[in-house]
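Peer 1: test case, fold it:
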Amino acid sequence: MIQIHQRSIPTLVAAVCALLAPAGPAPAGCCPEKLLAEDGQAGDRFGYDVAVDDGWMVIGAPGDNERASDAGAVYVYHEVDSEWALTDKLTASDGAVDDAFGFTVAINGTTAVVGTHWVDDEVVNAGAFYVFDVNTGEELFRFGIEGSAESDEFGIAVSVSGGIALIGAHGDSDGGDNAGAASLYDVTMGEQPAKLVANDASAGDKFGRAVAIDGDLAVVGAFDDADAGSYSAAAYVYDVSDPQAPVPICKLTADDAAVGQWFGYSVAIDNQLIAIGASASIDPIHEPLPSRRHEPEPPAPKTTRTGDRKPLHALANPLADPTTA
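Peer 2: Down below sits the predicted model:
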């Protein structure tokens, strides 16, 4: 069960679970199609993040080197006659070494949003995100944060619905050091209507590590919220029917919340169905791997850049045992 704090909402909240396919051969017409980057190279990380909507698919390759080493790219596919055809390859107009463009992607209709939380604007790892029209391949907008602080990591999570994008910055410190924030953007007008900060924000909450928006509802994960102990975590739900005046609805936590659960590390929403992932949760049957109880220590940064950026080769297993990372 999920605990709902503050006032309730008319929505079903469910924990994420695995759906097992039936044994035996796949039914006719449901065989998966495997997509490979036609110009793929070792270390591109093609498929690191994916999003699909209304016959369009975007696939992130944050290790792509077309613009610069690990500058990143996003591949665009369109469904034609029940097959996916590559239509474009997107890169940031100002792509630079280690930006990891394509680390996070989202799409709604023909509007794609791409996060680059390692972009260095005024400071190291300030972060940015880009908006594209996938039908034309045109870069429509590029957003950063004026006056950003080091390691805000704006763009660590992105989502878009109906012309409104929700962008996470889990290192933002408006509510305390690394308390986190998320911002709403009108990607049709190029404006920022509002910034969300948890009303009970505390240092280290990492609010904004996961975000999702659909219609009038938005969800923001805070995987280091410590109401029930370090990393017990939480997720916050907002009414964003007026993007300029978002209204907090409730705070969600697991009724079995405990230290190290990472509840809110991933979130999703469709209509009024909300799913919250707890990637380190302990169930009553299986003991978790020890490495899933605590956030891994970041590996040593690349020598080519300052700051605390994680090299892309370390991203293959984000739950790697910190003692062996």
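Peer 1: thinking D205 is in contact with D227, fair?
Peer 2: No - D205 lies out of contact with D227 (Cβ atoms under 8 Å); the separation is 9.7 Å. Glycine gets a C-beta too; all of them are placed from N, C-alpha and C.
Peer 1: which of these two has more residues huddled nearby?
Peer 2: The residue with more neighbours, out of D205 and D227, is D205; 27 against 16, by other Cβ atoms under 10 Å.
Peer 1: pLDDT weak spots in the stretch 101-250 of the chain?
Peer 2: 147-148, 226, 228-232 (pLDDT under 70).
Peer 1: would you agree E33 falls within a strand?
Peer 2: No - counting by DSSP: H, G, I helix; E, B strand; the rest coil, E33 is not found in a strand; it is coil.
Peer 1: count of neighbours near it?
Peer 2: Neighbours of E33 under the rule other Cβ under 10 Å: 9.
Peer 1: for it, give me its contacts.
Peer 2: Contacts for E33 (Cβ atoms under 8 Å, 6 or more residues apart in numbering) come out as E83, W84.
Peer 1: how about 10 Å then?
Peer 2: The neighbours of E33, taking Cβ atoms under 10 Å, 6 or more residues apart in numbering as the test, are Y77, E79, S82, E83, W84.
Peer 1: can you classify the second one by secondary structure?
Peer 2: Pointing back at E79 there. Under three-state DSSP, E79 comes out as strand.
Peer 1: neighbours of it, how many?
Peer 2: 14.
Peer 1: so for the closest residue to it other than its chain neighbours, what's the pLDDT?
Peer 2: Leaving aside its sequence neighbours, E79 sits nearest to G55 (Cβ to Cβ, 6 or more residues apart in numbering; 4.3 Å). pLDDT recorded at G55 is 95.
Peer 1: and for the one 4 residues further on?
Peer 2: Per-residue confidence for I59 comes out at a pLDDT of 97.
Peer 1: next: the one 3 residues further on.
Peer 2: What the model reports for P62 is a pLDDT of 95.
Peer 1: is it true that V134 touches V76?
Peer 2: Yes - if you go by Cβ atoms under 10 Å, V134 and V76 touch, sitting 4.8 Å apart.
Peer 1: shared neighbours, these two?
Peer 2: W56, M57, V58, T87, D88, L90, I107, T110, A112.
Peer 1: contact partners for the residue most central in space within the chain?
Peer 2: What sits nearest the mean C-alpha location of the chain, by Cα atoms, centre = their mean, is A157, with 2.7 Å. Each residue near A157 by Cβ under 10 Å, 6+ apart is listed here: 49, 103-104, 106, 115, 117, 129, 166-170, 182, 208-212, 220-221, 266-267.
Peer 1: residues touching A71, list them.
Peer 2: Shown here is A71, whose contacts under the criterion Cβ under 10 Å, 6+ apart are 62-65, 91-92, 94-102, 116.
Peer 1: do that again at 7 Å, thanks
Peer 2: Shown in contact with A71 (Cβ atoms under 7 Å, 6 or more residues apart in numbering): D64, N65, T91, G95, A96, V97, D99, F101.
Peer 1: what does S159 give?
Peer 2: By Cβ under 7 Å, 6+ apart, S159 lies in contact with A106, A165, L166, V211, A212, I213.
Peer 1: the second one and T111 touch, don't they?
Peer 2: In other words, A165. No - contact criterion Cβ atoms under 7 Å: A165 and T111 do not qualify, at 8.4 Å.
Peer 1: mind listing what Q41 touches?
Peer 2: Counting by Cβ under 7 Å, 6+ apart, Q41 has contacts N65.
Peer 1: so for it, what's the pLDDT?
Peer 2: 94.
Peer 1: for it, phi and psi?
Peer 2: Dihedral pair for Q41: phi -130, psi 160, per degrees, to the nearest 10.
Peer 1: for D99, give me phi and psi.
Peer 2: phi -70, psi -30.
Peer 1: from F132, how far off is it?
Peer 2: 15 Å (Cβ to Cβ, to the nearest Å).
Peer 1: follow-up on the earlier one: now for the contacts of S159: which two are most distant?
Peer 2: Within these, A165 and A212 form the most distant pair, 11.4 Å apart (Cβ to Cβ).
Peer 1: any idea how far the residue nearest to E79 is from G162?
Peer 2: Noted for G55: a distance of 17 Å to G162, by Cβ to Cβ.
Peer 1: neighbour-wise, which of the two wins?
Peer 2: More crowded of G55 and G162, by other Cβ under 10 Å: G162, with 16 against 12.
Peer 1: what about the more buried one, distance to T110?
Peer 2: 13 Å.
Peer 1: try L35
Peer 2: Using Cβ to Cβ, one gets 19 Å for the distance from L35 to T110.
Peer 1: likewise T136?
Peer 2: From T136 over to T110 the distance is 8 Å, taken as Cβ to Cβ.
Peer 1: who's more crowded, those two?
Peer 2: Legend: neighbour count by other Cβ under 10 Å for T136 and T110, higher for T110 (16 against 10).
Peer 1: alright, calling it a day.
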